[in-house]
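Chemist: Sequence and predicted structure are below.
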Amino acid sequence: QFIRNGLRRALERNEFVLHYQPQIDLASGAITGVEALIRWNHPELGMVPPARFIPVAEESGLIVPIGDWVLHEACRQAVAWQNAGLPELCMAVNLSAVQFKRGSVEQSVIHALQETRLTPALLELELTESILIQNVEGVLDSVKRLKLLGVKLSIDDFGTGYSSLSYLKRFDIDKLKIDQSFVRDLGSDPDDAAIVRAIIQLARSLNLRTIAEGVETADMLRQLGAFGCDEAQGYYFARPMSADAVASYIRQA
Ligand code: G
Ligand code: G
Ligand code: MN
Ligand code: NA
């Protein structure tokens, strides 16, 4: 309740901030993109992590205006980095199922792209498996129209959701994000290693790119490389950080 009452005011008072976590291409070692991750800079509580308020925002529907803010802010930042002379980065933004059910994601994305003039191909929308299996027809339409705008689509937390893989055929997905729960024990758990390798092989045969999440050690990175994973994201490279910190990180990379 405390959180819920605060969320609308937080929007009005501009208390949300985005942090960004770099994504590294394993072939070139270059930073090719970042994932935008929201935080609430609460006047008394300090930085509140998304796990504390996103579920409340989803229940109350406030995730729709918050999600609009995230899209706009992430696109604005991507253009600001370009204008500051940084190399082109893909900007990945998380979408909630509630934004599809209760909002018009397509209109929100169109507005964010128009207002910021970000090249659509530099925006990647992270969908969860739960988005793709609910209310299939409506979502199929929205996702198809989103794809026509030229944006990229990825599936977040891949492997944790649903066993039906038919949505990989129905939706024009670009990338699978291998969930960190499989990556964590890659070196010690043969089952996890088998799952990661299978996801990468599946993706390759469907012409999808793969990114491993939660990469924390050089050993994990080596194993992922041997499996043919395309990209990695995790504390081994960088934690989610402020826009300024990302710019310094890339300049010294
Ligand atoms: O940054 P952190 O690791 O604490 O993120 C935790 C979770 O919050 C992740 O699952 C992420 O998908 C979710 N999350 C972060 N930012 C956003 C956002 O802007 N919108 C939505 N819907 N979820 C987000
Ligand atoms: O959107 P998603 O649920 O995938 O959000 C990614 C979450 O994972 C964020 O909360 C981010 O802070 C967290 N994270 C990113 N890299 C690492 C990592 O290397 N290890 C762990 N434990 N968590 C990570
Ligand atoms: Mn994500
Ligand atoms: Na994820």
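Modeler: In hand now; what should we look at? Numbering: from 1, shown residues only. Ligands and ions are numbered 1, 2, ... in the order given.

Chemist: ok now do the closest residue to Ala30 other than its chain neighbours, which residues does it touch?
Modeler: If you skip the residues right next to it in sequence, Ala30 has Ile24 as its closest partner in space, 7.1 Å away by CB to CB, 6 or more residues apart in numbering. (Glycine included, C-beta is placed from N, CA and C.) The contact partners of Ile24, by CB atoms under 8 Å, 6 or more residues apart in numbering, come to 30-32, 231-233, 237.

Chemist: Of those residues, which fall within the contact range of ligand 1?
Modeler: Near ligand 1, judged by CB under 6 Å from any ligand atom, there are no entries from those.

Chemist: Out of those residues, which two sit at the greatest distance?
Modeler: The most widely separated members of the contacts of Ile24, counting by CB to CB, are Ala30 and Gln233 (13.5 Å).

Chemist: Of the two, which one has the most company?
Modeler: Relative neighbour count places Gln233 above the other of Ala30 and Gln233, with 25 against 12, counting by other CB atoms under 10 Å.

Chemist: I'd assumed Met220 was in contact with that one.
Modeler: No: counting by CB atoms under 8 Å, Gln233 sits too far from Met220 to count as a contact (11.5 Å).

Chemist: what residues are shared contacts of those two?
Modeler: With contacts defined as CB under 8 Å, 6+ apart, the residues adjacent to both Gln233 and Met220 are Ala212.

Chemist: Leaving out chain neighbours, which residue sits closest to Gln99?
Modeler: Counting by CB to CB, 6+ apart, the nearest residue to Gln99 once its immediate chain neighbours are dropped is Gly67, at 4.7 Å.

Chemist: Can you give me the distance of the one residue in the stretch 151-253 of the chain that gets nearest to ligand 2 to ligand 3?
Modeler: With CB to the nearest ligand atom, the shortest gap between the stretch 151-253 of the chain and ligand 2 falls at Gly234, namely 3.1 Å. To ligand 3, Gly234 is 12 Å away according to CB to the ion, to the nearest Å.

Chemist: secondary structure element for that residue?
Modeler: In this structure, Gly234 sits in neither a helix nor a strand according to DSSP states H and E.

Chemist: Repeat that for Val17.
Modeler: With elements delineated by DSSP H and E, Val17 resides in strand 16-25, which encompasses its position.

Chemist: all helices in the stretch 151-253 of the chain, in order from the N-terminus.
Modeler: For the stretch 151-253 of the chain, helices defined by DSSP state H, counting those that start in this stretch occupy the ranges 167-170, 180-183, 190-205, 218-227, 243-252.

Chemist: Ok, which of those helices comes nearest Asn83?
Modeler: helix 243-252 (11.3 Å).

Chemist: got a list of contacts for that closest one?
Modeler: Residues contacting helix 243-252 (CB under 8 Å, 6+ apart): 18, 20, 22, 31, 34, 77, 80-81, 84, 86-87, 89, 238, 241.

Chemist: one more time with 7 Å
Modeler: 20, 22, 31, 34, 77, 81, 84, 86, 238 (CB atoms under 7 Å, 6 or more residues apart in numbering).

Chemist: All good on my end, thank you.
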